[in-house]
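Asks: build me a model:
(2 chains)
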Amino acid sequence: MILKKGKWIFLYFMMIGHGNASFSQTSSANSSFVYKKYEFILECPMYSCDIEGVKLSNERLKAQIGSKFLLIDIRRDTCIIRFLINSKRNKKKRLNFSDDDIDNYKYFKITKAQLDFKAIPANTQTYSFTLGSVITPLKLRLTPFDFSKDFTIGSTFGVKYQKSDLAPVSFSALLGLGVTSVSLDSFSTSGAIRNRQETLAFSPSLGVMLEFGNAQIGVFTGVDMLSSSNILFDRYIYKNQPWVSLGLGYSIFNANSGRRQ
Amino acid sequence: MDFEDNEIVLIVSQNKINDKAFIKYFTKEKFELDKHVEISDEVTALLDCPKNTTIPKGKYPINEENGKIVIRFKINN
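Replies: Sure thing, here's the model as predicted:
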């Protein structure tokens, strides 16, 4: 019996799948062209200028690879940029200067061709809200060990972390709410019934998911909660016992798909 | 410079540094110290921080507050 179950566990890992549609709160790359964040992917020559693009020095400077900047303005073939420095978000640690230096920002000019060739839009917002659905066709139950084809379908939502737009790997922490079909039999009810029967249960879950491009892998755990009006409510041996489900999936819908250029 | 909560805070106005230094040190997300830096006694006295203070090598986040560049160095006493 144990060996037989071992074979099924392999199949179980292969079969579980879930889809997740992500809806990022970051603005679309096509929404606004001015004041957008970019990142240099190649060293780029540039000149110091004022906010209107008037050259302040003939000294040729070189932007560093990986530095991020805001596109302030485009005038004919010239782009006026300002390097992007993170704003302090922790209010407790802010120094609260009485004066400010926003009039003293340094601006630089590069050509439009260099912007197109040497810079890419920078995704500096790394956390976003994600909403989708998860399907777990099979579950592992641990005490006592068993697996079942109890099918759960429901919605998930949570926080998605993406390090950068250049690395299309994201990590999501998800909370799921769903309904599952629970198989009740002699084993799972300690002999309370002899004939196998199906019943519905509420199935909240927690999970984490890694997404590589459109491919996804996730681990979920949750509990199947029978209705208290069910006569087998107290006899169900997995009452309040967590199940574990591992999933491989492929995202079909993704609201961020048009963000990269 | 300032000293508070075991940190030395470097505050830089963009108009006080030349363009090359700005681009080299302050246009990345982190300021990189490639070796430990010992703070001289004169500076520790001015900042009212302990003598023999050292800023360990490492990468320190660069932030902007009111247009000024702010870097907080965790120090070793």
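
Asks: contacts, neighbours, all on C-alpha from now
Replies: Fine.

Asks: where does the residue nearest the centre of chain B fall, secondary structure wise?
Replies: Within chain B, the residue whose C-alpha comes closest to the C-alpha centroid is B:Leu10; the distance, by Cα atoms, centre = their mean, is 3.8 Å. Following DSSP states H and E, the helix or strand that holds B:Leu10 is strand B:7-12.

Asks: returning to that earlier point: how about the residue nearest to the centre of chain B: which residues does it bridge to?
Replies: B:Ile71 (DSSP bridges).

Asks: dump the strand holding B:Leu10 to PDB, restricted to CA.
Replies: As requested, the backbone C-alpha atoms of strand B:7-12 are provided in PDB (Å, rounded to 0.1, in the frame of the first residue of the first chain):
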ATOM      1  CA  GLU B   7      25.500  56.000  13.300                       C
ATOM      2  CA  ILE B   8      27.500  58.700  11.600                       C
ATOM      3  CA  VAL B   9      25.300  60.500   9.200                       C
ATOM      4  CA  LEU B  10      26.800  62.100   6.100                       C
ATOM      5  CA  ILE B  11      24.800  64.900   4.600                       C
ATOM      6  CA  VAL B  12      25.700  66.200   1.200                       C
END
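
Asks: check which residues of it are buried.
Replies: B:7-9, B:11-12 (16 or more other Cα atoms under 10 Å in any protein chain shown).

Asks: what lies in contact with the strand or helix carrying B:Phe73?
Replies: Assigning secondary structure by DSSP H and E places B:Phe73 in strand B:68-74. Counting contacts by Cα atoms under 8 Å, 6 or more residues apart in numbering or on different chains, the residues outside strand B:68-74 that touch it are A:85, A:100-102, B:6-14, B:26, B:31, B:55-56, B:60-64.

Asks: list the contacts for residue 58?
Replies: Defaulting to chain A. With contacts defined as Cα under 8 Å, 6+ apart, A:Asn58 is in contact with A:47-48.

Asks: that's the other chain; I wanted chain B
Replies: B:32-35.

Asks: buried only: go through the residues you listed for me.
Replies: Not one of the contacts of B:Gly58 meets the buried threshold, by 16+ other Cα under 10 Å.

Asks: biggest separation within those residues, which pair?
Replies: With distance counted by Cα to Cα, no two of these lie farther apart than B:Glu32 and B:Lys35, which are 9.1 Å apart.

Asks: now find how far off-centre stretch A:231-247 is within its chain.
Replies: Here the centre of stretch A:231-247 is set off from its chain's centre by 29 Å, with Cα atoms, centre = their mean, to the nearest Å.

Asks: that one - what's its average pLDDT?
Replies: When pLDDT is averaged along stretch A:231-247, the result is 85.

Asks: which secondary structure elements does the strand holding B:Leu10 contact?
Replies: For strand B:7-12, the contact count by 3 or more Cα pairs under 8 Å, 6 or more residues apart in numbering or on different chains; DSSP states H and E identifies strand B:2-4, strand B:68-74 as packing neighbours.

Asks: for A:Ala63, find the nearest of those.
Replies: Nearest to A:Ala63, of all those, is strand B:68-74, at 18.0 Å by Cα to Cα.

Asks: put the alpha carbons of the closest one into CSV.
Replies: Presented in CSV, the C-alpha positions along strand B:68-74 are these (Å, rounded to 0.1, in the frame of the first residue of the first chain):
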residue,chain,number,x,y,z
LYS,B,68,20.0,66.5,0.3
ILE,B,69,22.0,63.2,0.0
VAL,B,70,22.0,61.3,3.3
ILE,B,71,24.1,58.3,4.1
ARG,B,72,24.0,56.6,7.5
PHE,B,73,27.1,54.7,8.4
LYS,B,74,26.8,52.1,11.2
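
Asks: the inter-axis angle of it versus strand B:7-12?
Replies: Here the directions of strand B:68-74 and strand B:7-12 differ by 160 degrees (axes from the mean of the first three to the mean of the last three Cα atoms, to 10 degrees).

Asks: one step back: buried among the contacts of strand B:68-74? Make that a ChimeraX selection.
Replies: Only the buried entries of the contacts of strand B:68-74 go into this ChimeraX selection, using 16+ other Cα under 10 Å:
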select /A:85,101 /B:7,8,9,11,12,13,14,26,31,55,56,61,62,63,64
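
Asks: re the thing from before, what's the overlap in contacts for B:Glu32 and B:Lys35?
Replies: Taking Cα under 8 Å, 6+ apart as the contact rule, B:Glu32 and B:Lys35 both touch B:57-58.
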